[in-house]
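Q: have a look at this prediction, sequence included:
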Amino acid sequence: MKQRISALDLQLLGEELKNSIEHHRLTNIYNISDSNRQFLLKFNRTESKCSVLVDCGLRIHSTTFNRPIPPAPSGFVVKLRKHLKSKRLTALRQVKNDRILVLQFADGLYYLVLEFFSSGNVILLDEEKKILSLQRVVQEHENRVGEVYTMFDDSLFIGGNEKPIADKREYTEDLIESWINEVKEKIAAEANVISEPGHQKKKLRVPSIHKLLLSKVPHLSSDLISKNLKKNEIDPSLSSLDFVDKISKLNQLLVETEDEYTDLLKNRYSKGYILAKRNPKFIEEKDSKDTEYIYETFHPFAPYVDPNEIDISKVIEVEGPYNNTLDLFFSTIESSKYALRIQNQEFLAKKKLDDAVNENLTKINALRDIQSINEEKGVLIIEKADLIEEVKGAVQSLIDQQMDWNAIENIIRNEQKKRNNIARLIMLPLNLKENKINIILPAEDNNSDDSDNSSSSSDSDSEYSDNSDSDSSDDDIEKNRIKRKNRKNSKNVKIKGTQITIDLALSAFANASEYFNKKKTSAEKQKKVEKNAEKALKNIEERIKVQLNKKLKDSHDILKKIRAPYFFERFNWFFSSEGFLILMGKSPLDTDQIYSKYIEDDDIYMSNSFGTQVWIKNPEKTEIPPNTLMQAGVLCMSASEAWSKKIASSPWWCFAKNVSKFSSDGKSVLEPGLFRMKNDKQQNFLPPAQLVMGFGFLWKVKIEDEGDADDNLNEVREEVLTGDEDNVVEKIVNESADVTDQNELLKEDEEIESFNGMSSITQEINNLDITNADNISNQQTTTNNINEMDASKTVATVLTSLSKNVRGKKGKLKKMQKKYADQDDNERLLRLQVLGTLKGIEKEQEKLKEELSRQEERERKKHRRERQKQLQALSFTESEKVKINYDRLRTELKTTLEPDDEIIDIIPVFAPWPALLKYKYKIKVQPGTAKKQKTVNDILHHFLNRKTDPNNCDKELDWVSEHDIIKSLKAQDLILSISADKLKISIPGQNSLNDRLKGKKSGTGKNGFKSKNKKK
């Protein structure tokens, strides 16, 4: 499986990232829970967010999936946050001919270096390129904190906005032939060294053709060279010396590879490819389709597939930027990693169960074999009862003579050599300690064979005795030798039969009964094993199932695709019981944004005495029902101080056309969050609102016409282009204005006001007459000359600096001019340098230059502030409204699921309790003392402990699939949707139980008064 990006991959990914995240602000940096070498960088710009995943030394790509984040960041991430958080990415460059990406922040104030060679590294640099922190210390490269990083310089960021186009390299047959000749010379030199006496002999290693080409043209990707070699039916592992006669073919191959490489860099192909192979453990009826194929590699070009593996391979084309290919590849692997692990565990569990079944079968078969053997031995003892009695009598007679047991065995051994039939049945050594002997009972065929053998041996003995007397010829000697050999073999013949243990104290029939009793015992044991085998297998199955379920319940983070949020999720919102959308800004700027982009004349504006502002969207321009007005009033009061103070107050409402963002004279725009009523008589007051809210969940489901799925996400503006072109341009600029930029402008105003309040600096500026245009021009020329001077400065500039109108020094300067009138300019300058006066003049010049730059910055901010006010005024016009498909919203968002619905995501809702009555998952929230974190945790615990329907059919009960999605939610993400503080939840059945428990603890006496415990 491919885990590391190549040099070609890095070039393509770096160029795409440069176009997508440059000039974005780095909002935050996170660790990834699975590894301390993975980092998630989140960039943000006006209505544009991008997350970049960095795996140290392995990969970098943008991602659209959420990653699990640990609760506390690592020390290295804390260091990165300290210096880079909220900084703007001004440039992203790749070091030429190297696998290093450099991210420049704040115009060179900080640099983040990403190394993708060897084990990789992440290094933080300051403006002087000194290392502030690094992910790992590399001793051999002397990368330590405080050292200067020398892998790039400032020239990397000069004129780098245009895309670099690689020069196309040309190849000739002579060039390729020289490469092969170099290999020949190197091999010959190594052979000469090895052939020298006393040198250790080693096998000569000839580089493969793939390795040779990659070493000579390293800018081409290894995968690309390998693909083209296979495409031309060349094995990449073949020796490079085998291509001496195929140089033209190699030349053509390199030319094609170079053309493909150039086309890839020019982005002629806007797609990526993933090569996947079939999972051998996949079961279609049981496993999900995501685990049918396992991803192997990813490439920016169409990969080569072996003809023998076409049936088990699959090539997936991913449209769009190459970052999408890597994101899909690694996100799918990480998502299916847990499923593949469970699949492997199920496979091992099945194997364990099969082993248990086989073990039980082995035990049962062994018991059956024992029964048949014991039965056979018992029957054989009965058949050979007389023979057994003879054997017993022979051994017993020796024992009765009180002979030594070893002597008895020697006697039996001698008798066996003499071919005694009774002695041959006894097996040595004897077990006389237990009063038992082992004998072999031959079958009927063995007896006949023994009689034949004995007769033949007797004949051979007689023939041997007869022929031993005659030594007349060599033939007789040869015959005697053969006969002697046959006689020796006949003595070594062993009796084949059944081994039986005989108790000398029992008769033959009693010994047979012992074997029959053993058979009976084993039969009973077999029945018990067979009876308990099925029960044991069920227990094993249940145990394995419990273990699998336990592993399934283990907490594991699931990669979840980042859903494009709805436009209203940036604010406080809910849908009324009649389907009207109610919006409330989280800040004054949000309120202005709602009014300027979404509110029309027929919409409703609602407020109260605490200054809370709520909007009711009326896209169909119908009459607003009273229930919707009451519910909006509950939200208006709950989001104000009335919630914490538990004040029942009355909100009021009017139509949006009665509200204006401009002052009464129409010349200026009101402050953020402030509006002017055109007619105060049109205010309509509502009854006091009950402070009862609720928390619930909406389900986003997949609908059929997915082609327009983003209509409600991508805000489509209906613009009436009136006026001149400058106004149109200002409209577009206003749409790209960020809320953070507005906050910066407010901060800049405060800074300017505080700066203007500093009387000392103002007095100094007045003394220097900087406001005079002539003096400003003279001073600018002076500062320019100072910047252009070398070590030896011009005297004219110094004299100009000395001639400033400073109080108390005018007369002194006249006396000095008379005293040193004979000095020339150079001598005067040298004397000033010796006395140190020149340094003071230079410091004054620097201070003056800083004051000029501050003045220019104030003028620039003032101009920017005035332009922003003009753009704000332009935004509050009727032509700047957003078109939203509200019908699609009502179709996609459901309060209760149907069995056929495909869930895309779950959306938390904090709304008035009457608006949540149709929700399946809801809980009542009132003013209390609990914090948001504890409240959300209690709500999730309550939802996850309700009864579930495993079949996902009963709408009254919770479904398992719903609980699985709720488990993936985090309390930190749900807190943002709650607009009130100090909460109290009402869980059905729990509060009444708590009241009963409190009543039992504090007993009550007569008349309802608490009884006091008397001391004994």
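A: Happy to help now that I have it.
Q: now stretch 949-956: buried residues?
A: Using 16 or more other Cβ atoms under 10 Å as the test for burial, stretch 949-956 gives residue 952. Any C-beta I mention is one placed from the backbone N, CA and C, and that applies to glycine too.
Q: contacts for that stretch, please.
A: Stretch 949-956 has contacts (Cβ atoms under 8 Å, 6 or more residues apart in numbering) with 896, 899, 920, 957-961.
Q: how about a markdown table for the residues you listed, with distance to residue 24 added?
A: Listed next are the contacts of stretch 949-956 as a markdown table, based on distance: Cβ to Cβ, whole Å:
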| residue | distance to residue 24 |
| --- | --- |
| 896 | 40 |
| 899 | 43 |
| 920 | 40 |
| 957 | 46 |
| 958 | 41 |
| 959 | 40 |
| 960 | 41 |
| 961 | 37 |
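Q: just the buried residues of the residues you listed.
A: Among those, the ones that count as buried (16+ other Cβ under 10 Å) are 920, 958-959.
Q: as JSON lines, the residues you listed with distance to residue 259, secondary structure and pLDDT would be great.
A: Compiled in JSON lines, the buried ones among the contacts of stretch 949-956 are given as follows (distance: Cβ to Cβ, whole Å; DSSP: H, G, I helix; E, B strand; the rest coil; pLDDT from 0 to 100):
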{"residue": "920", "distance to residue 259": "60", "secondary structure": "coil", "pLDDT": "93"}
{"residue": "958", "distance to residue 259": "60", "secondary structure": "strand", "pLDDT": "89"}
{"residue": "959", "distance to residue 259": "56", "secondary structure": "strand", "pLDDT": "90"}
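Q: how far does stretch 55-71 stretch from start to finish?
A: Length of stretch 55-71, first residue to last, Cα to Cα, to the nearest Å: 19 Å.
Q: how many neighbours does the closest residue to residue 313 other than its chain neighbours have?
A: Leaving aside its chain neighbours, residue 313 sits nearest to residue 305 (5.1 Å; criterion: Cβ to Cβ, 6 or more residues apart in numbering). By other Cβ atoms under 10 Å, 15 other residues sit near residue 305.
Q: surely residue 250 is in contact with residue 243?
A: Yes - counting by Cβ atoms under 8 Å, residue 250 touches residue 243, with 5.9 Å between them.
Q: the two: which has the busier surroundings?
A: residue 250 (23 against 18).
Q: by contact count, what packs against whatever helix or strand that one lives in?
A: Residue 250 belongs to helix 247-265 when assigned by DSSP states H and E. In terms of contacts (3 or more Cβ pairs under 8 Å, 6 or more residues apart in numbering; DSSP states H and E), helix 247-265 is packed against helix 7-21, helix 173-195, helix 209-216, helix 222-231.
Q: and that helix, which residues are buried?
A: Here helix 247-265 shows 247, 250-251, 253-254, 257-258, 260-261, 264-265 as buried, counting by 16+ other Cβ under 10 Å.
Q: and the contacts of stretch 949-956, which two are furthest apart?
A: 896 and 960 (15.7 Å; Cβ to Cβ).
Q: one step back: out of the helices and strands packed on helix 247-265, which one sits most buried?
A: With neighbours defined as mean count of other Cβ atoms under 10 Å, those peak in mean count at helix 7-21, which reaches a mean of 20.
Q: pLDDT averaged over the helix or strand following that one, what's the number?
A: Next along the chain after helix 7-21, taking DSSP H and E as the criterion, comes strand 25-32. What strand 25-32 shows for mean pLDDT is 93.
Q: residues contacting strand 25-32, please?
A: Contacts to strand 25-32, defined as Cβ under 8 Å, 6+ apart, come from residues 38-45, 53, 67-70, 73-74, 77, 80-81, 84-89, 105, 740.
Q: ok and the very next helix or strand once past the helix holding residue 250 relative to helix 7-21, angle-wise?
A: As assigned by DSSP H and E, the chain's next helix or strand after helix 247-265 is strand 271-278. Put simply, strand 271-278 runs at 120 degrees to helix 7-21, going by axes from the mean of the first three to the mean of the last three Cα atoms, to 10 degrees.
Q: just the buried positions in the helix or strand where residue 123 lies, please.
A: With elements taken from DSSP H and E, the one containing residue 123 is strand 121-126. By neighbour count with 16+ other Cβ under 10 Å, strand 121-126 contains the buried residues 121-125.
Q: hmm, back to that, would you turn the buried residues of helix 247-265 into JSON lines with pLDDT and distance to residue 7?
A: JSON lines is the format used below for the buried residues of helix 247-265 (pLDDT from 0 to 100; distance: Cβ to Cβ, whole Å):
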{"residue": "247", "pLDDT": "89", "distance to residue 7": "26"}
{"residue": "250", "pLDDT": "90", "distance to residue 7": "21"}
{"residue": "251", "pLDDT": "90", "distance to residue 7": "23"}
{"residue": "253", "pLDDT": "91", "distance to residue 7": "19"}
{"residue": "254", "pLDDT": "91", "distance to residue 7": "17"}
{"residue": "257", "pLDDT": "91", "distance to residue 7": "14"}
{"residue": "258", "pLDDT": "91", "distance to residue 7": "15"}
{"residue": "260", "pLDDT": "89", "distance to residue 7": "15"}
{"residue": "261", "pLDDT": "90", "distance to residue 7": "11"}
{"residue": "264", "pLDDT": "87", "distance to residue 7": "12"}
{"residue": "265", "pLDDT": "86", "distance to residue 7": "11"}
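Q: from the contact counts, what lies against the longest helix anywhere in the chain?
A: Determined from DSSP state H, the single longest helix within the chain is helix 322-383. If contacts are counted by 3+ Cβ pairs under 8 Å, 6+ apart, helix 322-383 sits against helix 7-21, strand 59-63, strand 271-278, strand 293-299, strand 313-319, strand 497-503, helix 508-553.
Q: indicate which one of these is closest to residue 362.
A: helix 508-553 (10.6 Å).
Q: check the helices and strands packed on helix 322-383 for me and report the most buried one.
A: On a mean-neighbour basis (criterion: mean count of other Cβ under 10 Å), the most buried of those is strand 59-63, at a mean of 22.
Q: list of residues touching the following helix or strand past it?
A: Moving toward the C-terminus from strand 59-63, the next helix or strand (DSSP H and E) is strand 65-66. Strand 65-66 has contacts (Cβ under 8 Å, 6+ apart) with 327, 331, 559-562.
Q: any idea how far strand 65-66 is from the chain center?
A: Relative to its chain's centre, strand 65-66 lies at 8 Å (Cα atoms, centre = their mean, to the nearest Å).
Q: quick revisit: helices - which of the contacts of strand 25-32 land there?
A: If you go by DSSP H, these have 77, 80-81, 84, 740 in helices.
Q: neighbour-wise, give me the winner out of the residues you listed.
A: Neighbour counts for the ones in helices among the contacts of strand 25-32, by other Cβ under 10 Å, peak at residue 80, which reaches 24 neighbours.
Q: for that one, give its distance to residue 833.
A: 46 Å (Cβ to Cβ, to the nearest Å).
Q: how about residue 666, secondary structure?
A: Under DSSP: H, G, I helix; E, B strand; the rest coil, residue 666 falls in the coil class.
Q: before we move on, the earlier item: how far is the helix holding residue 250 from where the chain is centred?
A: Counting by Cα atoms, centre = their mean, helix 247-265 comes out at 37 Å from the chain centroid.
Q: count of neighbours near residue 387?
A: Residue 387, neighbours per other Cβ under 10 Å, totals 18.
Q: name the residues contacting each of residue 250 and residue 243.
A: residue 209.
Q: before we move on, back to that, neighbour-wise, give me the winner out of the contacts of strand 65-66.
A: Within these, most neighbours by other Cβ under 10 Å means residue 327, with 22 neighbours.
Q: what sits against it?
A: 53, 61-65.
Q: between the residues you listed, which is nearest residue 630?
A: residue 64 (40.4 Å).
Q: how many other residues sit next to the closest one?
A: What residue 64 shows, counting by other Cβ under 10 Å, is a neighbour count of 15.
Q: and this structure, what are its domain boundaries?
A: Domain assignment for the chain by the TED database gives 7-158, 567-703+885-996.
Q: which among those domains is found nearest to residue 531?
A: domain 567-703+885-996 (32.9 Å).
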